[in-house]
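Student: Below is the structure, and that's it, no one-letter string:
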């Protein structure tokens with residue numbers, strides 16, 4: 001099956017204060033857990049899109065701490081949606097901290113939100129996200145894969 005589109009976006013690696021758990025949301029458009037994120041709106045920066053998407057999907061207000069890297073490896077970043085479309089995504093990944101808010105899915109983009117221990121990620125996590133989480137925890141910067 002071919003690729004229907006290229007999809008630029010962002011992902012937020014939001015760790016708890018102890019850096020032992022990561023925030024994930026259960027997507028409404030693909031039956032998988034995912035880091036918060038998505039495409040920036042027109043006229044919006046990648047960092048601004050990361051903040052907005054995380055607020056929309058999780059109910060939390062975040063601040064961007066640092067750029068972890070840019071990810072696009074087609075072995076990991078091509079995936080399908082419930083509607084049958086397939087996309088080759090590429091994403092700027094940012095480490096982020098929680099500033100305020102109440103953890104709650106919006107039921108439009110997210111069906112659930114939850115903190116997962118970094119050593120016990122769900123089996124149905126988008127396949128590209130464990131590497132991003134690992135790179136964040138290790139302190140890697142400037143990753144291009």
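Tutor: Here it is on my side, so go on. Bear in mind the structure is a predicted one, so any value in this text is a computation, not a measurement. Numbers count the residues shown, from 1 in each chain.
Student: What is the longest helix anywhere in the chain packed up against?
Tutor: When the chain is scanned for its longest helix (criterion: DSSP state H), the result is helix 46-58. When contacts are defined as 3 or more CB pairs under 8 Å, 6 or more residues apart in numbering; DSSP states H and E, helix 46-58 packs onto strand 5-14, strand 21-27, strand 37-38, strand 60-71, strand 86-101, strand 110-117. Glycine gets a C-beta too; all of them are placed from N, C-alpha and C.
Student: wait, which of these is closest to residue 129?
Tutor: strand 5-14 (7.1 Å; CB to CB).
Student: Quick check: neighbours of the closest one in the sheet, parallel or antiparallel?
Tutor: Sheet pairing of strand 5-14 (DSSP bridges) gives strand 37-38 (antiparallel), strand 86-101 (parallel).
Student: wait, which of these is closest to residue 14?
Tutor: Of all the strands paired with strand 5-14, it is strand 86-101 that lies closest to residue 14, at 4.8 Å by CB to CB.
Student: tilt between that closest one and strand 60-71?
Tutor: 140 degrees (axes from the mean of the first three to the mean of the last three CA atoms, to 10 degrees).
Student: Okay, buried residues for strand 86-101 please.
Tutor: Residues of strand 86-101 classed as buried: 87, 89, 91-96, 98 (neighbour count, 16 or more other CB atoms under 10 Å).
Student: What residues sit buried inside stretch 64-79?
Tutor: 64, 67-69, 71-72, 76-79.
Student: Using JSON lines, lay out those residues together with pLDDT and distance to residue 16.
Tutor: Output for these, formatted as JSON lines (pLDDT from 0 to 100; distance: CB to CB, whole Å):
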{"residue": "64", "pLDDT": "97", "distance to residue 16": "17"}
{"residue": "67", "pLDDT": "96", "distance to residue 16": "21"}
{"residue": "68", "pLDDT": "96", "distance to residue 16": "17"}
{"residue": "69", "pLDDT": "95", "distance to residue 16": "21"}
{"residue": "71", "pLDDT": "92", "distance to residue 16": "23"}
{"residue": "72", "pLDDT": "85", "distance to residue 16": "28"}
{"residue": "76", "pLDDT": "75", "distance to residue 16": "25"}
{"residue": "77", "pLDDT": "67", "distance to residue 16": "26"}
{"residue": "78", "pLDDT": "75", "distance to residue 16": "31"}
{"residue": "79", "pLDDT": "71", "distance to residue 16": "27"}
